[in-house]
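Asker: Build the 3D model from these lines:
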Amino acid sequence: MSVQEIRAFNRFYTNLIGALDYSRRLYAPYTLTESRVLYELAHSPRTDAADLRGELSLDAGYLSRILARFEADGLVERTPSERDPRRRRVTLTARGRTTAELLDERSREAVGALLATVPAAGRERLTAALATVRDLLADGARRPPRAEDVVLRGPGAGDLGWIVQRNGALYAAQFGWNADYEGLVARIVADFAQDHDPHRERVWIAELDGRAVGCVMCVRDEAPGTARLRLLLVEPEARGLGIGDRLVSAVVSFAREVGYRELVLWTNEVLAAARAIYLRHGFSLVAEAPHRSFGVSLLGQDWRLALAGPLGAP
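Answerer: Predicted coordinates for the structure are as follows:
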């Protein structure tokens, strides 16, 4: 893509938003930038003036003038920050919150009117295209992810399919495994989706910035009182944040809480990072054997972790 194409799109979109603003006077009596400040104050827990400057990339003097106007209009209060007395904490008043809600409602109505001009079949394409543009352009400016940004949650719509797709793609790219592995994962996931005990079996999805970046499963094993850890995966760009360790911790804690006596897993010697996690959590290697699977020669390994019964029972 050329610079000229990006500039042309920028002019088109700026004109489009400008036309909406002119015809509907979305932000009156405030400017677009002032409305952005109100929106951040209404939706972000970071309410120090310094945080607002960083979040919105505003000049300190410009932001100070905006906040002074808001204060004069009774929209905000400024007090010393609880975190740092040298900073100023900015809080919306009741009037300020009402104003922010009104501007937000006008914006939603305007965007809704714009979407109404797009055929229903094209809206999903538009949403996906916007998400792609945002993700690609944000990569260069995004701050490095932190461990505390990662959330573990249950699977939502599409997440089980994501587990199959990412396992197939990731292991093919990293280790050259063929479609046999993706087929195995698909069967494991399908068995869970079609028949599982929600009280004794579970899936965790690790999410970072609204994207799935990891997963793991805990399912019943054939042996009585035994759970099996399956399909541990962390996306390469999310490694180094302790996600794999958190996912395994979640499985171990869950298996212990619901009363399993032991937790087992099968892996391959080539997956060194995963083995290091299993060792940290106390798993022991109990058996290994060479095999030919997924188009390559591998050394399969069985690992086991003894669990106490519920509430520390033997």
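
Asker: drop to CA atoms for contacts and neighbour counts, all remaining ones
Answerer: Noted.

Asker: Look up the residues forming beta bridges with residue 202.
Answerer: Counting by DSSP bridges, residue 202 forms beta bridges with residue 218.

Asker: give the contact list for it.
Answerer: When contacts are counted by Cα atoms under 8 Å, 6 or more residues apart in numbering, residue 202 touches 154, 217, 218, 219.

Asker: Most neighbours out of the residues you listed, which is it?
Answerer: Greatest neighbour count in the contacts of residue 202, by other Cα atoms under 10 Å, goes to residue 218: 26 neighbours.

Asker: Distance of that one relative to residue 206?
Answerer: From residue 218 across to residue 206, the span is 14 Å (Cα to Cα, to the nearest Å).

Asker: how about the helices in this protein?
Answerer: 3-24, 32-43, 49-56, 60-72, 94-115, 120-138, 159-175, 179-194, 243-257, 272-280 (DSSP state H).

Asker: Out of these, which is the most enclosed?
Answerer: Stretch with highest mean neighbour count among the helices of the chain: helix 243-257 (a mean of 20; mean count of other Cα atoms under 10 Å).

Asker: okay, now residue 297: neighbour count?
Answerer: Residue 297 has 11 nearby residues by other Cα under 10 Å.

Asker: sorry, that was for residue 201
Answerer: Neighbours around residue 201, by other Cα under 10 Å: 18.

Asker: Is it in contact with residue 226, as I believe?
Answerer: No. Contact between residue 201 and residue 226 fails when scored by Cα atoms under 8 Å: they sit 11.3 Å apart.

Asker: re earlier: nearest to residue 144, of the helices of the chain?
Answerer: helix 120-138 (11.5 Å; Cα to Cα).

Asker: distance between the closest one and the chain's centre?
Answerer: Relative to its parent chain, helix 120-138 has a centroid offset of 17 Å by Cα atoms, centre = their mean, to the nearest Å.

Asker: How about stretch 237-248?
Answerer: Once both centres are worked out by Cα atoms, centre = their mean, stretch 237-248 turns out to sit 13 Å from its chain's centre.

Asker: Can you tell me what sits against that stretch?
Answerer: Contacts to stretch 237-248, defined as Cα under 8 Å, 6+ apart, come from residues 145-147, 150, 152, 204, 206, 213-216, 232-234, 274, 277-278, 281.

Asker: Let's see that with 10 Å instead.
Answerer: The contact list for stretch 237-248, computed with Cα atoms under 10 Å, 6 or more residues apart in numbering, reads 145-152, 203-208, 212-218, 229-230, 232-235, 249-250, 252, 254, 273-274, 276-278, 280-281.

Asker: Nothing else from me, thank you.
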